[in-house]
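Chemist: coords please:
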Amino acid sequence: PRLLSGPNLPRTNYVALAQIALCDIAQFNMISSVWETGSRLSFRPPRSSPRPSSAHTRVVVVSRQGGGPKTIPVVVNGAAGKMGREMVRAIAAARGLELAGAIDVRHVGEDAGEVAGLSEALEIPISGALDLPMVLTSVAQDKERYGVLVDFSDPEGVMETYKQAIAFGIRPVIGTSGISEEQLRDMIEFSDMATMGAIVSPSYSIGLALLQQAAASAAFHYNNIEVFETLSDPSIPSPSHNAKITANEMSNIGRLYNQPAKGALAPVESAAMGAVCGDGIRVHSSYSPQSVSSQEVRFSAVGEQLAINHAVTDYKAYVPGVLLAIRRVVNLKSFVYGIDKLL
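Modeler: Numbers count the residues shown, from 1 in each chain. Next up is the predicted model:
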């Protein structure tokens, strides 16, 4: 009862908050008492314990006093992964951003900065997945700033993470690969119900977004278009969401692509011809562990061929797009799919 009626209750969804009662009684009382202080808390589990339990979690109450420009507190889910480590390093170095929490099932209890390879510890230990509500509670305590959750974790749990963030008034920035269309529909509905901004993008590469914009402009002038992509992870379904977005950006302009010439026989369909996406655009997918990802769009006409290509060779390429999304999402009131909408 105190939890749901405290005078310092942060912006949140009351129904979703009821789920927090599933925490053990120690966590429940801790959340309730800290809310009554009106202060922001951060977690410092004992460094000696590799996987601290809830009972071992120590809470430090930090004052919110102080002037100056407001920073954006950011929680990184999947902080021990390849992209998560890049984001920990980038947030620690970025002006106006503050790492407020780190979540992962690996390296629990270890300092997020040390796991990310920083020379100095950030004094932010990596918390387990079950501690996510507690970390979000910490960020939600600060009523003067909107917090952001950056998620590069498992697609199986991304929907629950997304809903918890929205419930606590934390803006989600989702980069998890493999999100289904059904999950996207649920995310849009949940964000619209809360009238809260959220950004989901299958790629945070600004270069790829620019390729898609250029391809959409070129599509008006060519009748034959094919997309070639290379992926590093065989678990990603093909064609990928990125390739589908590229094809859809060139569709719906009143024409069908790759049609046989007048009087010519239609070719016999085969898998080697690629998957058909959008208005007849063919997408060819392959896998290579040597590269992160690449995409090329080929336009052809009589006596002419135009190719626009983009390749990502390091996960650092995604960092500027994620930082852009973090800074934009705090001012949004609705769901955005794809960072091309932010450019």
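
Chemist: check which element follows the helix or strand bottoming out on mean pLDDT in the chain along the chain.
Modeler: Averaged element by element with mean pLDDT, DSSP states H and E, the chain has its least confident helix or strand at strand 59-62 (a mean of 31). Heading C-terminal from strand 59-62, the first helix or strand you meet, by DSSP states H and E, is strand 72-77.

Chemist: name the residues that touch that following strand?
Modeler: For strand 72-77, the surrounding residues in contact (C-beta atoms under 8 Å, 6 or more residues apart in numbering) are 84, 87-88, 91, 96-104, 112, 132, 135-136, 139, 142, 145-153, 161, 170, 326-327, 330. All C-beta spots, glycine's among them, are computed from the backbone N, C-alpha and C.

Chemist: can you tell me which of those are in helices?
Modeler: Among these, the residues falling in helices (DSSP state H) are 84, 87-88, 91, 112, 132, 135-136, 139, 161, 326-327.

Chemist: so what pLDDT did the nearest residue to Ser235 once chain neighbours are set aside get?
Modeler: Leaving aside its chain neighbours, Ser235 sits nearest to Gly178 (7.0 Å; criterion: C-beta to C-beta, 6 or more residues apart in numbering). On the pLDDT scale, Gly178 is placed at 79.

Chemist: give me the neighbour count for Gly178.
Modeler: Neighbours of Gly178 under the rule other C-beta atoms under 10 Å: 16.

Chemist: how near is it to Gly113?
Modeler: 28 Å (C-beta to C-beta, to the nearest Å).

Chemist: just to revisit the earlier point, ok, the residue nearest to Ser235 touching Pro237?
Modeler: Yes. Using C-beta atoms under 8 Å, Gly178 is in contact with Pro237, at 7.2 Å.

Chemist: farthest pair within the ones in helices among the contacts of strand 72-77?
Modeler: Between any two of those, the greatest separation by C-beta to C-beta is 22.8 Å, found for Leu132 and Arg327.

Chemist: in PyMOL, how would I select the buried members of the contacts of strand 72-77?
Modeler: Applying 16 or more other C-beta atoms under 10 Å to those, the buried members can be selected in PyMOL as follows:
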select buried, resi 84+87+88+91+97+98+99+100+101+102+103+104+112+132+135+136+139+142+145+146+147+148+149+150+151+152+153+161+170+326
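
Chemist: follow-up on the earlier one: residue contacts, the residue nearest to Ser235?
Modeler: The contact partners of Gly178, taken as C-beta under 8 Å, 6+ apart, are 155, 235-237.

Chemist: likewise Gly278?
Modeler: 244, 247-248, 250-252, 257.

Chemist: return the subset of these lying in helices.
Modeler: Of the contacts of Gly278, the ones assigned to helices by DSSP H are 244, 247-248.

Chemist: now the residues you listed as CSV including neighbour count, pLDDT and distance to Leu184?
Modeler: Shown next, in CSV, are the ones in helices among the contacts of Gly278 (neighbours: other C-beta atoms under 10 Å; pLDDT from 0 to 100; distance: C-beta to C-beta, whole Å):
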residue, neighbour count, pLDDT, distance to Leu184
Lys244, 20, 92, 12
Ala247, 27, 94, 17
Asn248, 15, 92, 13
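
Chemist: any chance of those in CSV, plus distance to Pro267?
Modeler: Below are those laid out as CSV (distance: C-beta to C-beta, whole Å):
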residue, distance to Pro267
Lys244, 22
Ala247, 19
Asn248, 23
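
Chemist: secondary structure class for Asp282?
Modeler: Slight slip there: residue 282 is Arg, not Asp. strand (DSSP: H, G, I helix; E, B strand; the rest coil).

Chemist: and the gap between it and Leu231?
Modeler: Arg282 sits 17 Å away from Leu231 when distances are taken as C-beta to C-beta.

Chemist: so these two - more neighbours on which side?
Modeler: For Arg282 and Leu231, the more surrounded residue by other C-beta under 10 Å is Leu231, and the numbers stand at 24 against 20.

Chemist: who's in contact with the residue nearest to that one when sequence neighbours are not counted?
Modeler: For Leu231, ignoring the flanking residues on the chain, the nearest one in space by C-beta to C-beta, 6+ apart is Tyr287 at 5.3 Å. For Tyr287, the contact set (C-beta under 8 Å, 6+ apart) comprises 230-234.
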